[in-house]
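Enquirer: Next input, structure requested:
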Amino acid sequence: MNYQTIVQVKNTEKVQIVVQEKVKLGIMEAAHLSDMMLSMIPESGEDVTEIPLKDLESETWQFQVPPKPGKYMYILKEYYGMGFDIGYYVTYHFGLEVTK
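Expert: This is a model prediction of the structure:
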């Protein structure tokens with residue numbers, strides 16, 4: 001998606017997200033996916049909601065589309081870590097327009 005794109009989905013659909021389980025952190029090191037968080041913000045801008053993600057299989061996650069038609073902004077945060085103190089977040093923003 002680019003900055004002008006909003007994806008249209010029906011309120012009965014589910015959305016799948018494919019992520020990298022491991023990313024390179026340098027020539028010899030790799031960081032592994034430790035945590036994923038998905039937040040949804042409705043068009044009103046109120047009530048930021050944490051959305052549960054279902055792990056379908058390696059690298060594929062799924063979430064349910066809201067039943068109420070409207071425009072929604074999502075924020076997906078992936079945390080890649082190499083132990084207790086070393087790691088970083090990758091953040092994605094995307095929009096969905098839910099129709100009946």
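
Enquirer: Just give the strands next to the helix or strand of the chain with the lowest mean pLDDT in its sheet, each with its orientation.
Expert: The weakest-scoring helix or strand in the chain, judged by mean pLDDT, DSSP states H and E, is strand 22-24 (a mean of 80). Strand 22-24 sits in its sheet next to strand 30-42 (antiparallel), going by DSSP bridges.

Enquirer: tell me which strands and helices whichever helix or strand comes after the partner strand is in contact with?
Expert: Sequence order places strand 49-51 as the next helix or strand after strand 30-42, per DSSP states H and E. Strand 49-51 sits against strand 30-42, with contacts defined as 3 or more C-beta pairs under 8 Å, 6 or more residues apart in numbering; DSSP states H and E. In short, each C-beta sits where N, CA and C put it, glycine included.

Enquirer: Spatially central, which residue of this structure would that be?
Expert: Leu76 (3.2 Å; C-alpha atoms, centre = their mean).

Enquirer: Contact partners for that one?
Expert: 17, 36-38, 91-94 (C-beta atoms under 8 Å, 6 or more residues apart in numbering).
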